[in-house]
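Colleague: give me coordinates for this.
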Amino acid sequence: MHYFLNYSLVDINSSIEHAALMRLKLFKQNNLPAKYVTVNWDYLNHLRVEQYGIQLSDVINMYEFFANVANISATSTPKALETLPLDSDLIWEGDGNQADVTEADIKRAHVDYTPGLVQTVGKITYQDRYGKPYRREYWDARGFLAYAEVLSAVGNVLQEILYDAVTHQPVLTRHYHVADNLVVLHQINLTYQGQLYQFKDENALITFFLQQLTQDMPATIYVDRPSLAEPVVLMGTGVKKVLMVPTLHAQDPHNQATSNLDNTYYYPIYQHLTDFDAVLVATEAQAADLRTWLGGNPTEVTSTRTPIYAVSRAVTALTPITTGQHVAGKVVYAGMLNDYEALKDIVVAFTKVQSVVPQATLTMAGFGAAYDQLKTEVAQQELPNITFVGYLNQQKLDTLLASADVFVSTQVGDSQPLAMIQALEHGTPVITYDFNYGLSSLSTSPAVQILTSRKRSILAKQLTTYLTTDDHTALYTEAQTVATTYQPATVLAAYNAATLI
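Modeller: Residues are numbered from 1 along each chain as shown. Sure, this is the predicted structure:
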């Protein structure tokens, strides 16, 4: 079994989660057993799964594993407020999103309904007669009490309690105390298969969970985030361990071969790399840089004590693709850019283009502090034909990319750009600044125009030249041809070369 270890699946995911989901679909479509594993608790987790084109059984959450959720009755129904174990003399009133529970004129609880589900109880915060919250409960939409928080008089969380979905008894309790005015975790108590276990920190709990998860079959664990490397290392031997390095591994985006190691990778790369069976990076260029950083030969896979392989994070042709809907003059950016000046380059260049191509439009999709700042400034200046649509789920992103005339990016230090490759898959050409582990290896294709100089004037000139060219049909076709570089057979061959499948 292949386990892809991450923290969560949430409403707004990064490229790390998206890449892991691509990997999951790739493995499943080729009859390779695989699961997406999460270790954060969230009572809404199971409601999000369908939007990613996977099944609930494809995801294993640590807390649901201990809470015995897999064995709940198929006839369980969501809890409505009137079915909760509340005193009969309590009254409640509210709307489709929330309700207040009162006793006489005293508010005793506030109820938040589960987002997207009408009057299905999600979260209840209980108050004492003085108006202070003392307990908060989370009710799973599948019909059971999932989690509770016990609060101190000043609102600090003293305990977090996980309940068994079948027996409704506590199975895991996190105890906190206050030290130097900070609330810190003191101890975790877990009852599992009739035995009591105690842990001092979250990593120890995750290690135990992974050991139980993998004890009955050969397993390979892929560590998608470096901060999850420690619990996997603490598992010891018995499973194959793969360290994923999806982002830049050194601090200087322009010098990944010799600059200081990024702090997030200090533990897995500098201290414990030999505890892993393999390291996967996204591109051959990144593999060469990391081998050099470790003192190996940049072109030899086994020149470092742990072999480093290049396996694309992006996988095309996993689902049917919409094409042929390109809107002339529609410029699109999608992704996360935290570099404000780089993101602003797109807007400034576009405003220059408009003087020549007034019908052109710019749509920007994504999230992040820089994105929000630029959105506010564009609104204040009332710049025409520029739309910010925020973070899009996969279906809406596919629709946006398929409708674009050209995809533009000015990012600086991200690694293999998933959104760009998805744009190519939809037949949308790309104009981008050059950056580490970007699309420079594909620069010979006319559908991928790479600007080595990071200047707004050059970007504006390139965009203007593109948009004033009448027929882009050949470029649309060429873009799809470029996307075949990341087709399933090619990516599977890379996993096979890494001896992982």
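Colleague: show me the contacts for Leu492.
Modeller: 26, 30, 501 (C-beta atoms under 8 Å, 6 or more residues apart in numbering). C-beta here means a position set from N, CA and C on the backbone, and glycine is covered the same way.
Colleague: buried only: go through these for me.
Modeller: Taking 16 or more other C-beta atoms under 10 Å as the criterion, what is buried in the contacts of Leu492 is Leu26.
Colleague: pLDDT score for Thr319?
Modeller: Looking at Thr319, its pLDDT is 88.
Colleague: pretty sure it contacts Ile54?
Modeller: No: counting by C-beta atoms under 8 Å, Thr319 stays clear of Ile54, with 11.4 Å between them.
Colleague: any residues in contact with both of the two?
Modeller: Lys25.
Colleague: which other helices and strands contact whichever strand or helix holds His175?
Modeller: Applying DSSP states H and E as the criterion places His175 in strand 170-179. With contacts taken as 3 or more C-beta pairs under 8 Å, 6 or more residues apart in numbering; DSSP states H and E, strand 170-179 sits against helix 62-66, strand 157-163, strand 182-192.
Colleague: let's see that with 10 Å instead.
Modeller: helix 62-66, strand 144-151, strand 157-163, strand 182-192, strand 195-199, helix 202-213 (3 or more C-beta pairs under 10 Å, 6 or more residues apart in numbering; DSSP states H and E).
Colleague: buried ones in that strand?
Modeller: 171-174, 176.
Colleague: each with direction, which strands does the worst-scoring helix or strand of the chain on mean pLDDT pair with?
Modeller: Lowest by mean pLDDT, DSSP states H and E among the helices and strands of the chain is strand 91-94, with a mean of 72. According to DSSP bridges, strand 91-94 forms sheet pairs with strand 98-103 (antiparallel).
Colleague: give me the contacts around the strand it pairs with.
Modeller: Applying C-beta atoms under 10 Å, 6 or more residues apart in numbering, the contact partners of strand 98-103 are 81, 84, 86-87, 89-94, 107-113, 119, 121-127, 129.
Colleague: tell me the pLDDT at the residue of the chain most remote from its centre?
Modeller: No residue in the chain sits farther from the centre than Ala104, which is 46.1 Å out by C-alpha atoms, centre = their mean. If you check Ala104, the pLDDT there is 78.
Colleague: in the helix or strand harbouring Thr477, what's buried?
Modeller: Following DSSP H and E, one finds Thr477 within helix 473-483. Using 16+ other C-beta under 10 Å as the test for burial, helix 473-483 gives 475-476, 478-480, 482-483.
Colleague: stretch 132-141 too?
Modeller: Neighbour-count burial for stretch 132-141 flags 133-141 (criterion: 16+ other C-beta under 10 Å).
Colleague: can you tell me which two in those residues are farthest apart?
Modeller: Largest separation among those by C-beta to C-beta: Tyr134 and Ala141, giving 24.6 Å.
Colleague: which ones are touching Phe350?
Modeller: Phe350 neighbours (C-beta under 10 Å, 6+ apart): 331, 333, 357, 360-362, 364, 383, 385-386, 408, 456, 459-460, 463, 467.
Colleague: typo on my end, it should be Asp164
Modeller: Applying C-beta under 10 Å, 6+ apart to Asp164 gives the contacts 66-69, 71-72, 144-146, 170-172, 191.
Colleague: kindly report the same for Leu117.
Modeller: Listed by C-beta under 10 Å, 6+ apart, the contact partners of Leu117 are 47, 78, 96, 141.
Colleague: specify the local secondary structure of it.
Modeller: coil (DSSP: H, G, I helix; E, B strand; the rest coil).
Colleague: do you know how far it is from Ala70?
Modeller: Leu117 sits 22 Å away from Ala70, going by C-beta to C-beta, to the nearest Å.
Colleague: quick one on the thing from earlier: could the buried residues of strand 170-179 be laid out in CSV, adding distance to Val10 and pLDDT?
Modeller: Converted to CSV, the buried residues of strand 170-179 look like this (distance: C-beta to C-beta, whole Å; pLDDT from 0 to 100):
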residue, distance to Val10, pLDDT
Val171, 24, 98
Leu172, 21, 98
Thr173, 25, 98
Arg174, 21, 97
Tyr176, 24, 94
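Colleague: closest to Ala489 among those?
Modeller: Leu172 (43.3 Å).
Colleague: what's the burial count for the residue nearest to that closest one when sequence neighbours are not counted?
Modeller: Counting by C-beta to C-beta, 6 or more residues apart in numbering, the nearest residue to Leu172 once its immediate chain neighbours are dropped is Leu162, at 3.9 Å. Look at Leu162: counted by other C-beta atoms under 10 Å, it has 24 neighbours.
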